[in-house]
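Visitor: This is a predicted model, with the sequence first.
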Amino acid sequence: MKRFIPFVTSDPVVAVIRLQGAIANSGRGLDNPGLAPVIEKAFSRGKPAAVALEINCPGGSPVQSSLIASRIRRLADEKKIPVFAFVEDVAASGGYWLACAADEIFVDACSITGSIGVISSGFGAHEAIANYGIERRVHTSGKSKSMLDPFKKQDPADVTKLKGWLEDLHATFIAYVQSRRGLKLADNPDLFTGEVFIGQRGIDAGLVDGIGHLVPTMKQRFGDNVRFRRYDQKRPLLARFGAQIVGNTVAGIDERAAFARYGL
């Protein structure tokens, strides 16, 4: 009731947004459409003293990473609200992209950050289907429409094009990190190679600002009476009741594979 009493100052509130899982464009992971209402509400409900990002993310779609981070920055700048990121197990690749939306980034002594690079992976199945006597039939209009088809032999020209795309995305990622971290970044030759950094090494590289956990760090900044208001991306109704569908199973496998890249 304190906030309704004239001339009495309310306790400061920190809005906490949890960013858990891989970043995907499938509607089953972290994505801009699903997070948009969560982020908007966190910045707009009342007047929070700060917004905290609770991150446990191994990466994913570069476009969704960019859209989510841009939304956070736009609202932070419009409403003049500071943003803090707190990394749990990992904020790597696209997860680190999200962390860079914060004004300050904190990690646990064992947290993994970095992996500033771009990856594309897949399988080649042309020999397997040939062994079964299966003929691949593809008809296109446009010489590049069937490039990187996993059911035909890999074309060196296609690989060259793909590497060009990846290099463009990598350059965009690097430019974003440099724009957000600026002079904090160390002169480290491994910084943009896709290398990962654990705990203090991330601080030494300038990727993060310090070791700290959400509650004690926010109490140190805003006082012991600070309150926390949490905002989470809502899961689909069926998922909340434990229903298993093929799409969610596949997405779960992909997400586990993404975390497994960092030994998690």
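Guide: Okay, I see it.
Visitor: Break down the protein into its strands, ranges please.
Guide: Secondary structure of the chain, counting by DSSP state E: strands at 13-20, 50-57, 83-92, 104-107, 112-114, 196-198, 210-211, 227-231.
Visitor: what packs against the fifth one?
Guide: Looking back up the chat, that one is strand 112-114. strand 83-92, helix 94-99, strand 196-198 (3 or more C-beta pairs under 8 Å, 6 or more residues apart in numbering; DSSP states H and E). From N, CA and C alone the C-beta is placed, and that goes for glycine too.
Visitor: re the thing from before, can I get the strands of the chain in TSV including distance to residue 39?
Guide: What follows is these, written out as TSV (distance: least, C-beta to C-beta, whole Å):
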stretch	distance to residue 39
strand 13-20	6
strand 50-57	8
strand 83-92	10
strand 104-107	18
strand 112-114	21
strand 196-198	26
strand 210-211	24
strand 227-231	8
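Visitor: okay, these in a markdown table with mean neighbour count and mean pLDDT next?
Guide: Converted to a markdown table, these look like this (neighbours: other C-beta atoms under 10 Å; pLDDT from 0 to 100):
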| stretch | mean neighbour count | mean pLDDT |
| --- | --- | --- |
| strand 13-20 | 21 | 96 |
| strand 50-57 | 24 | 96 |
| strand 83-92 | 26 | 96 |
| strand 104-107 | 24 | 98 |
| strand 112-114 | 26 | 94 |
| strand 196-198 | 21 | 95 |
| strand 210-211 | 14 | 96 |
| strand 227-231 | 15 | 94 |
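Visitor: Tell me the spacing between the one residue sitting closest to the centre of the chain and residue 33.
Guide: Among the residues of the chain, the one closest to the centroid is residue 95, at 2.9 Å (C-alpha atoms, centre = their mean). Counting by C-beta to C-beta, to the nearest Å, the separation of residue 95 from residue 33 is 19 Å.
Visitor: go on, residue 222?
Guide: Per C-beta to C-beta, residue 222 is found 31 Å from residue 33.
Visitor: mean confidence score for stretch 169-184?
Guide: Averaging pLDDT along stretch 169-184 gives 93.
Visitor: List the buried residues in that stretch.
Guide: Along stretch 169-184, these residues count as buried under the neighbour rule (16 or more other C-beta atoms under 10 Å): 169, 170, 173, 176, 177, 180, 181.
Visitor: which residues does residue 19 form a beta bridge with?
Guide: Partner residues in beta bridges with residue 19, using DSSP bridges, are residue 55.
Visitor: in terms of contact, does it touch residue 54 like I think?
Guide: Yes - contact status for residue 19 versus residue 54: in contact at 6.7 Å, counting by C-beta atoms under 8 Å.
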